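Visitor: what follows is a protein structure lacking sequence information:
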């Protein structure tokens, strides 16, 4: 019995494919498409929002776990604990970039 793919996995695969397309498309062309939000760049923006939504949800959950002194034992929790020990505050965007 096959399981439906997770939406994050689908979005991640899609954005990797779109990044590959960017790499082989002349830079002025994809930048114009990005500015006008057309074609693959419109899709890129939509898929990136899906990824961000999923990741930011995980970040919020780990921050909540940390405030209740629970340790999930994962990489994100380690980053949060380390920053707390050093007296630093990592932004959600910094954490997103670290875990992706």
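Guide: Perfect, I can see it now. Being a predicted model, the structure only gives us computed values, none of them experimental. Numbers count the residues shown, from 1 in each chain.

Visitor: now do the helices in this protein.
Guide: For the chain, helices defined by DSSP state H occupy the ranges 7-24, 27-36, 39-67, 75-85, 92-99.

Visitor: need the ones you listed in a markdown table (columns: mean pLDDT).
Guide: As requested, the helices of the chain are exported to a markdown table (pLDDT from 0 to 100):
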| stretch | mean pLDDT |
| --- | --- |
| helix 7-24 | 96 |
| helix 27-36 | 96 |
| helix 39-67 | 92 |
| helix 75-85 | 88 |
| helix 92-99 | 91 |
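
Visitor: got JSON lines for those helices, with mean neighbour count too?
Guide: C-beta coordinates here come from the backbone N, C-alpha and C atoms, glycine included. Output for those, formatted as JSON lines (neighbours: other Cβ atoms under 10 Å):
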{"stretch": "helix 7-24", "mean neighbour count": "14"}
{"stretch": "helix 27-36", "mean neighbour count": "13"}
{"stretch": "helix 39-67", "mean neighbour count": "15"}
{"stretch": "helix 75-85", "mean neighbour count": "14"}
{"stretch": "helix 92-99", "mean neighbour count": "14"}
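
Visitor: ok, the closest residue to residue 83 other than its chain neighbours - contacts?
Guide: Closest residue in space to residue 83, ignoring its immediate chain neighbours: residue 90 at 4.8 Å, by Cβ to Cβ, 6 or more residues apart in numbering. Applying Cβ atoms under 8 Å, 6 or more residues apart in numbering, we find residue 90 in contact with 79-80, 83, 98.

Visitor: cool, residue 11 as well?
Guide: 47, 50-51, 54.

Visitor: ok, now residue 92?
Guide: 56, 59-60.

Visitor: out of the residues you listed, which comes closest to residue 30?
Guide: Distance to residue 30 across the contacts of residue 92 (Cβ to Cβ) is lowest for residue 56, with 25.7 Å.
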